[in-house]
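Asker: Any chance you could fold what I've pasted below:
(one chain, ligands or ions: 1)
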Amino acid sequence: MKFVDEYRDAQRARQLAEVIRRSTTRPWSIMEVCGGQTHAIVRFALDEMLPAEITLIHGPGCPVCVTPVEIIDQAIALAARPDVILVSYGDMLRVPGSVKDLLSVKAEGGDVRMVYSSLDALKTARDHPDKKVVFFAIGFETTAPANAMAAIVAEREGVDNFFMLTSHVLVPPALEAIASSPDNRVQGFLAPGHVCTVTGYVDYERLAQEHHIPIVVTGFEPVDLLQATHMLVQQLESGRCEVENQYSRSVKREGNPQARAIMDSVFEVVDHGWRGIGVIPKSGLRLKGAYARFDATRAFSIEPAGASEAESVCIAGLVLQGVRKPVDCPAFGSDCTPEHCLGAPMVSSEGACAAYYHYARRAAAR
Ligand code: SF4
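Answerer: Predicted coordinates for the structure are as follows:
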């Protein structure tokens, strides 16, 4: 298959759902790790096509949702400074910190701007040499190489008014934390294909072996997700715990060596907090070596903030851990909507709450 329409072919999707139904003899709980996969599942009602024995659990793979409140508060404090222009991707501007969000700071006069790429952020610094430009850089291994490139170019060009406030997180340590939790219900992972396009899946092989859990690297279209679910069910039913690659049109076992080398030359692995989940060992990236001078937390002497979540009905932490569904939240669709968000999973275009709001409610209306 070559074209996206083929990966959305309803007839083929129905055939795959039937094959899954015939292959399933027992209940299985499967986590789709990435928020993009959650959106496809809810948008195309794939969960409703699967047999009742299969439970899909939505994973923590939404980078905006897992950015810790302390780092958002640091961004807010920086944005309020008169000598700073703070730039970030659009979704981050609306995510609540402990008291307010970045758009509120902009409304109060702070210079907060949206960018579409890390090199746009760097251009802002070149265009405004009289200001300190802070790029609020977040994301998984997918965005880390491009953000690393901004630091490399800034170093090469000697751009000394460019800084990065980073919240980069890594997928394998999060899956390890989920698989090792005493409350874990997940029996198999649909791993994020775009992340593995960069990193490959060698780390996932160790995870599958150590935790006796099958993993299928998966794409983002309906046929991808159903085919990968079938591969996972076959492993579960036969007692195998391997890593299989459904997304072979994009992912190689070793990933993208150039992208990994760029990432490794700029960042070092550190313990990192995940909003709603807590600190996961060796799950984050921090600027290192010659690039540490671009680290906004060092350049601005930002305190390691002790911010806490505001008192709220929001159950985002439980949603991100797959323990509860968005519709279990008492605020879903009433006090919390995309226009008035109480939590990050409703703000982000990859958030599970936004997926349920945009697609599941429409389906219910139909
Ligand atoms: S619906 Fe809103 S308040 Fe409820 S968990 Fe999702 S983001 Fe939080």
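
Asker: Provide the secondary structure category for Leu86.
Answerer: strand (DSSP: H, G, I helix; E, B strand; the rest coil).

Asker: Which pLDDT does the model give it?
Answerer: On pLDDT, Leu86 comes in at 98.

Asker: Then Leu318?
Answerer: Looking at Leu318, its pLDDT is 89.

Asker: Name the helix or strand for it, please.
Answerer: helix 316-320 (DSSP states H and E).

Asker: What is the subsequent helix or strand relative to that helix?
Answerer: Once helix 316-320 ends, the next helix or strand along the chain (criterion: DSSP H and E) is helix 344-347.

Asker: other SSEs contacting that next one?
Answerer: Helix 344-347 is packed against helix 63-66, helix 316-320, helix 352-355, with contacts defined by 3 or more C-beta pairs under 8 Å, 6 or more residues apart in numbering; DSSP states H and E. (C-beta placed from N, C-alpha, C; glycine too.)

Asker: Out of those helices, which gets nearest to Phe3?
Answerer: Nearest to Phe3, of all these, is helix 352-355, at 24.3 Å by C-beta to C-beta.

Asker: is any part of the closest one close to the ligand?
Answerer: Yes: using C-beta under 6 Å from any ligand atom, we find that helix 352-355 touches the ligand at Cys353.

Asker: Use 4 as the first number from now on
Answerer: Shifting the count to begin at 4 puts that one at helix 355-358.

Asker: other SSEs contacting that helix?
Answerer: Contacts defined by 3+ C-beta pairs under 8 Å, 6+ apart place helix 355-358 against helix 38-46, helix 319-323, helix 347-350.

Asker: is any part of the last one close to the ligand?
Answerer: This means helix 347-350. Yes: shown here: helix 347-350 in contact with the ligand (C-beta under 6 Å from any ligand atom) through 348-349.

Asker: still on that earlier bit, which residues does the helix holding Leu321 contact?
Answerer: 61-63, 65, 68-69, 277-280, 327-329, 331-332, 346-348, 355-356 (C-beta atoms under 8 Å, 6 or more residues apart in numbering).

Asker: Can you add mean neighbour count and give the helices and strands packed on helix 355-358 back as a markdown table?
Answerer: Below are the helices and strands packed on helix 355-358 laid out as a markdown table (neighbours: other C-beta atoms under 10 Å):
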| stretch | mean neighbour count |
| --- | --- |
| helix 38-46 | 24 |
| helix 319-323 | 24 |
| helix 347-350 | 31 |
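
Asker: and of those helices, who's closest to Pro30?
Answerer: Minimum separation from Pro30 across these (C-beta to C-beta) falls at helix 38-46, 18.1 Å.

Asker: Now that closest one: average pLDDT?
Answerer: For helix 38-46, mean pLDDT is 95.

Asker: State the pLDDT value of the residue in the stretch 104-253 of the chain that the ligand sits nearest to.
Answerer: Closest residue of the stretch 104-253 of the chain to the ligand, C-beta to the nearest ligand atom: Asp104 (13.1 Å). Looking at Asp104, its pLDDT stands at 94.

Asker: how about it, what does it touch?
Answerer: 75, 79, 96-98.

Asker: cool, Asp133 as well?
Answerer: Listed by C-beta under 8 Å, 6+ apart, the contact set of Asp133 is empty.

Asker: Just confirm it is within a helix.
Answerer: No: with three-state DSSP as the criterion, Asp133 is assigned coil and is not in a helix.

Asker: Enumerate the residues of the stretch 204-353 of the chain near the ligand.
Answerer: Taking C-beta under 6 Å from any ligand atom as the criterion, the stretch 204-353 of the chain approaches the ligand at residues 317-319, 322, 329, 332, 334-335, 339, 345-346, 348-349.

Asker: Return the member of the residues you listed nearest to Leu53.
Answerer: Pro329 (18.5 Å).

Asker: Just give me the neighbour total for the closest one.
Answerer: Using other C-beta atoms under 10 Å, the number of residues around Pro329 comes to 26.

Asker: Report whether the expected contact of it with Phe335 is present.
Answerer: Yes: counting by C-beta atoms under 8 Å, Pro329 does reach Phe335; the two are 5.4 Å apart.

Asker: tell me, what's touching those two both at once?
Answerer: Jointly contacting Pro329 and Phe335 under the rule C-beta under 8 Å, 6+ apart are 356, 359-360.

Asker: which of these has the most neighbours?
Answerer: If you rank the shared contacts of Pro329 and Phe335 by neighbour count (other C-beta under 10 Å), Cys356 sits at the top with 32 neighbours.

Asker: How about the residue in the protein that sits furthest from its center?
Answerer: Asp133 (34.0 Å; C-alpha atoms, centre = their mean).

Asker: so who does Ala293 touch?
Answerer: Glu158.

Asker: so what secondary structure elements neighbour the biggest helix by length in the chain?
Answerer: Scanning the chain for the longest helix, with DSSP state H as the assignment, gives helix 225-241. Based on contacts counted as 3+ C-beta pairs under 8 Å, 6+ apart, the elements that helix 225-241 packs against are helix 7-10, helix 13-26, strand 31-37, helix 38-46, helix 49-52, strand 191-195, strand 218-221.
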